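> Provided below are the primary sequence and the corresponding predicted coordinates.
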Amino acid sequence: MIPKLDYFAPTTLGEALNLLSSISNSRILAGGTDVLTGFHQGSSRFKDVPALIDINRIEEITGIVETDDSLIIGAAANFTSIINNAAAVKYFPSFVAASATVGSVQIRNRATIGGNFVNNAPCADGVPSLLVYDAVIKISSSTATREMPLGEFLIRPYKTQLMPNEIVTHVILKKYPESYKGSFYKLGRRRGVAISRIALALLGEVKDNIITDIRVATGAITPIGKRVPEVEAFLLNKKVEDATLREAASVLGQHILDATGVRWSTPYKLPVAQHVCYSELSNLFSKEA
Ligand SMILES: Cc1cc2nc3c(=O)[nH]c(=O)nc-3n(C[C@H](O)[C@H](O)[C@H](O)COP(=O)(O)OP(=O)(O)OC[C@H]3O[C@@H](n4cnc5c(N)ncnc54)[C@H](O)[C@@H]3O)c2cc1C
């Protein structure tokens, strides 16, 4: 049930930040797709919230701006606006592909990218592809602004470095040369409106059949979306060969086991995750040929 609480809809960031710092335990409301379900489920994370501060009317954090070398996405941009943004499609296709897998059309019309990674569920589909693009986020309070890599911001499931008086305002993505290719794969229990059970994002570059850069990030199979440095280090500067890609998938399997231990789902998830890794790497590098 949604408790009785105050609701504010500021139109400037300054106003929102002042409200947030003056009302103790107040929360930001973006798309509300996690907040409202949290209330309905009686989640302890949304207990005793006296007020919601809706950020949807703040233009400076809902838009998407392309600059010469970057794409600056307002944290309150919803997934539909990301999918429909020409620069996002051109420069960050695997992030757009990931955005298109979130929920349904109705959910994507509400759900925001900022809400996705601030909530930091293990299955947050926006996270792995932002991690491979080395996304940096911008955070403001009424007294200061700071930037940090998304990977540092995410601590553990449903926990980030966000302070109670702060709002994430932007996601900054640096453009990569066209030689970089990316992919995003999501496996759920059904094809649509499904929570990820396994998610994998890749971004890589190959020159003369040598892997000159590779980024790998998981979602859902690890406690939170994370880069996998072991697989990246294993593949870097190697030739693109079938045996190498298979071995990289084994390295990923070991990483998952180290992160989660053996669970009831391991006999299914582990071989499937390894196969996904192998086949996504094969597809990615065949794009390079
Ligand atoms: C039916 C359904 C299907 C779904 N399917 C998927 C799916 O397939 N994949 C997936 O990843 N997720 C899915 N979700 C989860 C959800 O839609 C996403 O996590 C969404 O991106 C959350 O964004 P929001 O704008 O709705 O966040 P909200 O619910 O508004 O907020 C989430 C949390 O983030 C905080 N917050 C939001 N924005 C900011 C900000 N800018 N600064 C500081 N704090 C902020 C809020 O205070 C709250 O704690 C689904 C949800 C539903 C209900």
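Received the coordinates, thanks. What you are looking at is a predicted structure, and each value in this text was computed from that prediction instead of being measured.
> now the helix or strand Thr37 falls within: buried residues?
Taking DSSP states H and E as the definition, one finds Thr37 inside helix 35-40. Neighbour counts over helix 35-40 (16 or more other CB atoms under 10 Å) mark 35, 38-39 as buried. Placement of C-beta: from N, CA and C, glycine included.
> between those, which is nearest Leu52?
Val35 (7.2 Å; CB to CB).
> that closest one and Leu29 touch, don't they?
Yes. If you go by CB atoms under 8 Å, Val35 and Leu29 touch, sitting 5.6 Å apart.
> ok, which stretches of the stretch 51-200 of the chain are strands?
51-54, 64-66, 70-74, 136-140, 145-149, 154-156, 159-160, 167-174, 181-188, 196-207 (DSSP state E, counting those that start in this stretch).
> state the next helix or strand along the chain beyond the last one.
Going back to what we said before, that points to strand 196-207. Sequence-wise, the next helix or strand downstream of strand 196-207 (DSSP H and E) is strand 210-219.
> okay, buried residues for that following strand please.
Those would be 211, 213-219, for strand 210-219 by 16+ other CB under 10 Å.
> neighbours around Phe234, how many?
18 (other CB atoms under 10 Å).
> so it sits in a helix?
Yes. Assigned with DSSP: H, G, I helix; E, B strand; the rest coil, Phe234 falls within a helix.
> for it, what are its contacts?
Residues counted as contacts of Phe234 (CB atoms under 8 Å, 6 or more residues apart in numbering) are 247-248, 251.
> and the pLDDT at the residue in the stretch 51-200 of the chain that the ligand sits nearest to?
With CB to the nearest ligand atom as the measure, Gly115 is the residue of the stretch 51-200 of the chain nearest to the ligand, at 2.1 Å. The model reports Gly115 with a pLDDT of 98.
> pretty sure Ala88 contacts Ala97?
No. Ala88 is beyond contact range of Ala97, at 10.6 Å (criterion: CB under 8 Å).
> next one, pLDDT for Ala289 please.
48.
> ugh, typo on my part, it should be Val193
Confidence score, pLDDT, at Val193: 85.
> nearest residue to it in space, please, no chain neighbours.
Computed as CB to CB, 6 or more residues apart in numbering, the closest residue to Val193 that is not its neighbour in sequence is Ser104, at 4.8 Å.
> for the one you found, what are phi and psi?
Backbone torsions of Ser104, given as degrees, to the nearest 10, read phi -120, psi 180.
> and it, how many residues sit next to it?
When counting by other CB under 10 Å, one arrives at 10 neighbours for Ser104.
> residues contacting the nearest residue to Ala135 once chain neighbours are set aside?
Once flanking residues are discounted, Ala135 sits nearest to Leu150: 4.4 Å by CB to CB, 6+ apart. Applying CB under 8 Å, 6+ apart, we find Leu150 in contact with 117, 127, 130-131, 135-137, 171.
> quick one: residues contacting Asn78.
31, 108-113.
> that should have said Arg45, apologies.
38, 158 are the contacts of Arg45 under CB under 8 Å, 6+ apart.
> show me which residues of this structure sit near the ligand.
Residues of the chain lying close to the ligand by CB under 6 Å from any ligand atom are 27-35, 37, 55, 75-76, 101-103, 107, 110-112, 114-116, 118-119, 123-125, 162, 167-168, 193, 195.
> among these, the buried ones, what's the PyMOL command?
The buried residues among the residues of the chain next to the ligand can be selected in PyMOL (16+ other CB under 10 Å) with this line:
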select buried, resi 27+28+29+30+31+32+33+34+35+55+75+76+101+102+103+110+111+112+114+115+116+118+119+123+124+125+162+167+168+195
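> got the confidence number for the residue nearest to Ala135?
98.
> go on, the one 10 residues further on?
Note for Thr160: predicted pLDDT of 98.
> does it touch Ala121 like I think?
No. Between Thr160 and Ala121 there is no contact, the gap being 11.4 Å when judged by CB under 8 Å.
> ok, back up a step: can you add pLDDT and give the buried residues of helix 35-40 back as a markdown table?
Output for these, formatted as a markdown table (pLDDT from 0 to 100):
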| residue | pLDDT |
| --- | --- |
| Val35 | 95 |
| Gly38 | 93 |
| Phe39 | 92 |
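> closest one of those to the ligand?
Closest approach to the ligand among those (CB to the nearest ligand atom): Val35, at 3.8 Å.
> pull the contacting residues for the closest one.
27, 29, 46, 52, 115.
> wait, isn't the third one in contact with Arg27?
Going back to what we said before, that points to Phe46. Yes. Phe46 is within contact range of Arg27, at 7.1 Å (criterion: CB under 8 Å).
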